[in-house]
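>>> coords below, sequence missing:
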């Protein structure tokens, strides 16, 4: 199921101020809070949806990413639960795994090859299209 527009969820216009967004969230949160509507199963979902919308629209940086890129700018790897990952986090996750930036490998100290660096300029459009670039990494045997 596609996510609803966060502005629509809170019932505010796209140009709404922080105060208007906060007021709208509080109104919806009071109306659909699970403690006040324990017999209504839909209220829990509506409350969570409003909470997710406020988490994004209540944070200026996340709101800016959402305004520019929609849900893709704020979803990341959250699985749709909280929507808390920023657009930069998405790139960090993808490129960190590819280029050895992932944590939790079970080793202490620097990883093998961590002293190597290669600056590559690649346009976002080329990266999205899957452009491949071959690089030559010098080794002791090639020096």
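Nice, I can see it. On a predicted model such as this, the values are computed, not experimentally measured, just so you know.

>>> Show me the helices in the chain, by range?
Under the criterion DSSP state H, the chain contains helices at 6-10, 18-32, 41-57, 60-69, 87-98, 124-129.

>>> what's the average pLDDT for the shortest one?
Confidence over helix 6-10 (mean pLDDT, whole number) is 92.

>>> For this protein, which helix or strand comes out least confident on mean pLDDT?
helix 87-98 (a mean of 51; mean pLDDT, DSSP states H and E).

>>> circling back to that earlier point, okay, the helices of the chain, which one's buried deepest?
Per-residue neighbour counts averaged over each of these give the maximum for helix 6-10, namely a mean of 20 (mean count of other CB atoms under 10 Å). (Glycine included, C-beta is placed from N, CA and C.)

>>> end to end, how far does stretch 7-17 reach?
Using CA to CA, to the nearest Å, the end-to-end distance of stretch 7-17 comes out at 12 Å.

>>> quick one: low-confidence ranges for the chain?
Counting by pLDDT under 70, the low-confidence segments of the chain come to 1, 76-110, 113-114, 142-143.

>>> any idea how far residue 20 is from residue 27?
Distance of residue 27 to residue 20, given as CB to CB, to the nearest Å: 11 Å.

>>> and residue 35, what does it touch?
Under the criterion of CB atoms under 8 Å, 6 or more residues apart in numbering, the contact list for residue 35 is empty.

>>> That one and residue 118: what is the separation?
Distance, residue 35 to residue 118, by CB to CB: 55 Å.

>>> now do residue 68
Distance from residue 68 to residue 118, counting by CB to CB: 30 Å.

>>> now do residue 33
Relative to residue 118, residue 33 is positioned 52 Å away (CB to CB).

>>> out of these two, which sits in the more crowded spot?
Remark: of residue 33 and residue 118, residue 33 carries more neighbours, 16 against 8, as counted by other CB atoms under 10 Å.

>>> any idea how far the residue nearest to that one when sequence neighbours are not counted lies from residue 10?
Using CB to CB, 6 or more residues apart in numbering and skipping residues adjacent in sequence, the residue nearest residue 33 is residue 47, 5.8 Å away. Between residue 47 and residue 10 the distance is 12 Å, computed by CB to CB.
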